[in-house]
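> Requesting a structural model of the entry that follows:
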Amino acid sequence: MKIEPNITIAKIAKNLGEGKISSVEICNHYLENFTKKNSVFNAILSINKEKILKSAEESDKRRKEGKVLSSYDGIPIAIKDNLCVEDEPCTCASKILEGFISPYDATVIKKIKAAGMIPFGRTNMDEFAMGSSCENSAYVKTRNPWDKDRVPGGSSGGSAASVALSIAPAALGSDTGGSIRQPAAFCGVVGLKPSYGIVSRYGLVAFASSLDQIGPFTNSVLDSAIVLDIIKGKDPMDCTSIDSKIANFAELLSQPYSIDGLRIGIPSECINCEGLDNVIKENFNESINLLKGLGAKIIEISFPHWKYSVSVYYVIATAEASANLARFDGIRYGLRAKTEKLSEIYLESRGLGFGEEVKRRILLGTFVLSSGYYDAYYRSAQKVRTLIRKDYDEAFKICDVILTPVTPTPPFTFNSKSTPLQMYLSDIFTISVNLAGNCAISVPSGITSDNLPLGVQFTAGFMREDILLKTSHIFELHRSIKSFIPPEN
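Alright, predicted model coming up:
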C-alpha cells in the first residue's frame, strides 16, 4: 500500500492491525526517504539501518504469532540526539561527546521499546539543546523542509524536520524554553510540551533540570496523545516525575467534545508585544475567529510579569547548565585534550569540545551563581519565576486555555540573527510555559504567501493535558488548511 507523506501513527497502526502493511515495509519506506532527503536537509546525524530492519522483522514475527506489544508495535520513531539509546551514539550535537556510545536506554526509550516502537536514527539539534535555529550543531545545519535557505527552529530542529520530511512518522525531542514548540511551528508539524514531571527525564542529557521536558513531534494532535500515553508515568529513576491523572489521552480524544462555551484567554501583553510580525498577527486573529465561531468565549487576560520571562529564563537556565555541564571535563567520557597536567586537561578539553553558544551560556551561568552575584541575579530570578507561575494560576481562574502565537516571526533565514539577544527573543512566547511548568502544544495554523508554515500555541494548566489536547484537536479538525506537506525539494 502507498504511504502518504504525512500519514499518522494512528493510521499506520490501523493498517498494521489489518495486515495491509508490514513493519519491514514501513521501515524500508522511511529508510528510502532518509536516503533521498537527509543529504540535503541534514535532519538525522546517524542511523543504524540493520538494527532498524532487524527490529522490524521481530515486530512482524510477533504480529504473526499474535504477541504484539501494543497497537503501535513496529512503528519507527526518530530520537533527538540528547536521549540515550543503548549501544547508539549520543553526542548532543557536540564535539565533546563525539564517538560516545550510550550504555543504557533512557526511560522514554524503554517505554517506546516496550510498546514495540522502533528508535529510528539520532536527530540533529543545537549543541546541548542551546539554541533556537539548529545553527549551533557542531556537525551540520539542518535545513527547513519548506525552504532550504531557512532554519527549522531549535533546539529540536532535526526531530521536527524528520517528521515534516516524512523521514519518520514521529519523533521525540526535548523542550527547555520552546525547543519542541518553536521548531514544530517552523516545520508545520504538531509539537507537544507536557507538564513538568509527567514524562521522566532519566536518560535525557540535562541542560536545565528544572525546565527540561521530553515530548513528541507528530503529524496530528491524536498522534501526540498516543505518544504521550506511551512515554508518560512516574519513574523511580527520576524523583521529579509524577503520575498523570488521565489514564489514556488518545481514548479521550475519541469521545465527543465541543469547545462551545470554552473560555480561551488572550494575553494582552503577547499580542501587543514589540517585534510581532504582521503575518503572525493576521494568522493569530484568524485562529481566534475560528475558535470564536466554534462557540469559544474569548477573554482578554493579563500577564503582568510576562515581560521578564526571557531575562529570568536566561539566568536560571544558564545557571543550571553551568552546573550540569561541569561533568564534561575530559576525564570520564568524551573528548580529552592531549596534555599531561590535570588543570590543562579540564581547560583544553572543554575549550576544544564546546561550541561558542555553549561556552557563552556556561560563562553566564557561572557568573550568576558566583559569590556576590547569586542574590542579585539567581535568587531574584527565582522570585520572579514564582510571580510568573502565579500569573498563570490567576489566569486559569478565569479561562480554561490560553492562546498565543508560537513565534514572533515565520521561519527566518540562516545567519539572519546578528546578536544572541535577537535569537533568544525567538522563544518569547514559549519560555514562560517552562518557567511555570505548564503544558503547551504548537499546532499548524496557516501558510504564508511565500509558502512557509505558521503555528499557534495552546497552553493549559499544570497536568491539564486533557483539556489541552481536546481543544487543540478540535482546532486542528476545523482549521482551513487540512494538510501541511512541504513542497518537493
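
> Going by C-alpha atoms from here, please, whenever you check contacts or count neighbours.
Fine.

> need the strands for the stretch 1-150 of the chain, in chain order.
Assigned by DSSP state E, counting those that start in this stretch, the strands in the stretch 1-150 of the chain fall at 44-46, 76-80, 118-123.

> Which one of these lies nearest to Ser209?
Ser209 sits nearest to strand 76-80 of all the strands of the stretch 1-150 of the chain, at 17.0 Å, using CA to CA.

> Could the C-alpha coordinates of stretch 149-159 be exported in CSV?
Once non-C-alpha atoms are left out, stretch 149-159 reads as follows in CSV (Å, rounded to 0.1, in the frame of the first residue of the first chain):
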residue,chain,number,x,y,z
ASP,A,149,17.6,28.7,3.0
ARG,A,150,15.7,28.9,6.3
VAL,A,151,16.2,27.4,9.7
PRO,A,152,14.0,24.6,11.0
GLY,A,153,13.9,26.1,14.5
GLY,A,154,15.6,24.7,17.6
SER,A,155,16.9,23.1,19.5
SER,A,156,15.0,20.0,18.3
GLY,A,157,15.2,21.1,14.6
GLY,A,158,16.2,17.7,13.4
SER,A,159,13.3,16.0,15.0
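
> List the contacts of Ser302.
Ser302 is in contact with Pro267, Ser268, Glu269, Asp391, Ala395, counting by CA atoms under 8 Å, 6 or more residues apart in numbering.

> just to revisit the earlier point, including mean pLDDT, mean neighbour count and distance to Pro194, could the strands of the stretch 1-150 of the chain go into JSON lines?
Formatted as JSON lines, the strands of the stretch 1-150 of the chain follow (pLDDT from 0 to 100; neighbours: other CA atoms under 10 Å; distance: least, CA to CA, whole Å):
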{"stretch": "strand 44-46", "mean pLDDT": "98", "mean neighbour count": "21", "distance to Pro194": "24"}
{"stretch": "strand 76-80", "mean pLDDT": "98", "mean neighbour count": "28", "distance to Pro194": "16"}
{"stretch": "strand 118-123", "mean pLDDT": "98", "mean neighbour count": "28", "distance to Pro194": "20"}
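
> Distance to Pro5 added to those strands, as TSV?
Formatted as TSV, these follow (distance: least, CA to CA, whole Å):
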stretch	distance to Pro5
strand 44-46	18
strand 76-80	15
strand 118-123	17
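
> between these, which one is nearest to Glu18?
Ranking the strands of the stretch 1-150 of the chain by proximity to Glu18 (CA to CA) places strand 76-80 first, at 18.0 Å.

> Residues contacting that closest one, please?
Counting by CA under 8 Å, 6+ apart, 27, 117-125, 156, 158-159, 162, 168-174 sit against strand 76-80.

> residue closest to the middle of the chain?
Ile180 (2.1 Å; CA atoms, centre = their mean).

> Just the buried positions in the lowest-mean-pLDDT helix or strand in the chain, please.
The least trusted helix or strand in the chain, going by mean pLDDT, DSSP states H and E, turns out to be helix 342-353, with a mean of 82. Neighbour counts over helix 342-353 (16 or more other CA atoms under 10 Å) mark Ile345, Tyr346, Glu348, Ser349, Arg350, Gly353 as buried.

> Check stretch 291-305 too.
Leu291, Lys292, Leu294, Ala296, Lys297, Ile298, Ile299, Ile301, Ser302, Phe303, His305.

> can you put those in CSV and add secondary structure, distance to Asp466 and pLDDT?
Formatted as CSV, the buried residues of stretch 291-305 follow (DSSP: H, G, I helix; E, B strand; the rest coil; distance: CA to CA, whole Å; pLDDT from 0 to 100):
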residue, secondary structure, distance to Asp466, pLDDT
Leu291, helix, 18, 98
Lys292, helix, 20, 97
Leu294, coil, 19, 97
Ala296, coil, 17, 98
Lys297, strand, 19, 98
Ile298, strand, 20, 97
Ile299, strand, 21, 97
Ile301, strand, 22, 97
Ser302, coil, 24, 94
Phe303, coil, 23, 94
His305, coil, 27, 95
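
> Low-confidence bits of this protein, can you list those?
Within the chain, the segments meeting pLDDT under 70 span 489.

> Give me the residues contacting the biggest helix by length in it.
As assigned by DSSP state H, the longest helix anywhere in the chain is helix 23-41. Residues from elsewhere that reach helix 23-41 (CA under 8 Å, 6+ apart): 3, 16, 44, 49, 52-53, 56-57, 59-60, 74-76, 142-145, 148, 161, 165-168.

> Would you write a ChimeraX line that selects the buried entries of those residues?
Listed next is the ChimeraX selection for buried residues among the contacts of helix 23-41, using 16+ other CA under 10 Å:
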select :16,44,52,53,56,57,59,60,74,75,76,142,143,144,145,161,165,166,167,168
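
> tell me how far the helix or strand Leu421 falls within is from the chain's mean position?
Assigned by DSSP states H and E, Leu421 belongs to helix 420-424. How far helix 420-424 lies from its chain's middle: 19 Å, per CA atoms, centre = their mean, to the nearest Å.

> Helix, strand, or coil at Leu363?
Counting by DSSP: H, G, I helix; E, B strand; the rest coil, the backbone at Leu363 sits in helix.

> Repeat that for Gly265.
Using three-state DSSP as the criterion, the local structure at Gly265 reads strand.

> That one: how many residues sit nearby?
Using other CA atoms under 10 Å, Gly265 has 23 other residues around it.

> Report the beta-bridge partners for it.
Assessed by DSSP bridges, Gly265 has beta-bridge partners Ile299, Ile402.

> Distance of it relative to Ile298?
The gap separating Gly265 from Ile298 is 6 Å, by CA to CA, to the nearest Å.

> Restricted to helices, list the contacts of helix 23-41.
Leu16, Lys49, Ile52, Leu53, Ala56, Glu57, Ser59, Asp60, Ala161.

> Would you convert the residues you listed into CSV that also reports distance to Leu425?
As requested, the ones in helices among the contacts of helix 23-41 are exported to CSV (distance: CA to CA, whole Å):
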residue, distance to Leu425
Leu16, 43
Lys49, 38
Ile52, 39
Leu53, 42
Ala56, 42
Glu57, 46
Ser59, 44
Asp60, 47
Ala161, 22
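
> out of these, what pair is the most spread apart?
Asp60 and Ala161 (27.7 Å).

> Closest to Thr8 out of the buried residues of helix 342-353?
After measuring the buried residues of helix 342-353 against Thr8 - CA to CA - the closest member comes out as Gly353, at 38.7 Å.

> hang on, the closest one packs against Ser94?
Yes - using CA atoms under 8 Å, Gly353 is in contact with Ser94, at 6.9 Å.

> which one is Ser70 nearest to, not counting chain neighbours?
The shortest distance from Ser70 to any non-neighbouring residue, by CA to CA, 6 or more residues apart in numbering, is to Ala115 (5.2 Å).
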